[in-house]
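Q: structure for the following, please:
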Amino acid sequence: MSVVATAPAAAHGAAPAGGAPAPPPRAPWRRAKSRRALAWWLVAGATGALAFFLLGHLPLAGRGFSFCAWRRVTGIPCPGCGMTRAMAALARGELGAALHLHPFAPLVLAEAAALWGAIGHALSRGGALVLPSWLLERLVVWQGAAFIALWLGRLATGTLPW
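A: Next comes the predicted model:
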């Protein structure tokens, strides 16, 4: 067994024998920028949680005004129809009502929470969230197809929440 001693790097960034260069130390302004971004992430999360809680107490059960521009223009409910009321039901803890209004509401809420957590994790490590393009493409295609299939099925059977 032989041990190879390497001389310390003479200058920052110089590679030790047989190794990659050491990463540069983080500048103080980058740490402050990262802390600000993390603080804004926390504020956004608290605001989102408060809005979600308040959504649960809004009177959205009536057949009055519709937020959906698609429905207001065409008269046909959109693929996301019922999602706002389903989120309000989830905020009240009514899973059955939420699933009746829009079966994908718990999935959308879980994805939003996971994305918020992933962004926070990336910010806490001092970087930006980078998702693989293949993952984004698959999520958009498969979830879009699932939303449209559910919508068409509910249109055909008359089970849309309007």
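Q: report the helix or strand with the lowest average pLDDT across this protein.
A: Using mean pLDDT, DSSP states H and E, the weakest-scoring helix or strand in the chain turns out to be helix 28-55, at a mean of 76.
Q: list the buried residues in it.
A: Ser34, Ala37, Leu38, Trp41, Phe52, Leu55 (16 or more other CB atoms under 10 Å). The C-beta positions use only the backbone N, C-alpha and C, and glycine is treated the same way.
Q: mind putting those in JSON lines, distance to Ala122 included?
A: Listed next are those as JSON lines, based on distance: CB to CB, whole Å:
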{"residue": "Ser34", "distance to Ala122": "10"}
{"residue": "Ala37", "distance to Ala122": "9"}
{"residue": "Leu38", "distance to Ala122": "10"}
{"residue": "Trp41", "distance to Ala122": "9"}
{"residue": "Phe52", "distance to Ala122": "22"}
{"residue": "Leu55", "distance to Ala122": "27"}
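Q: hmm, who's touching stretch 139-153?
A: Contacts with stretch 139-153, where a contact means CB atoms under 8 Å, 6 or more residues apart in numbering, come from Pro77, Cys78, Pro79, Gly80, Cys81, Pro103, Phe104, Thr159, Leu160.
Q: out of the residues you listed, which comes closest to Leu115?
A: Comparing the contacts of stretch 139-153 against Leu115 with CB to CB places Phe104 closest, at 15.4 Å.
Q: what about the helices in this structure?
A: 28-55, 69-74, 83-91, 95-101, 105-124, 133-157 (DSSP state H).
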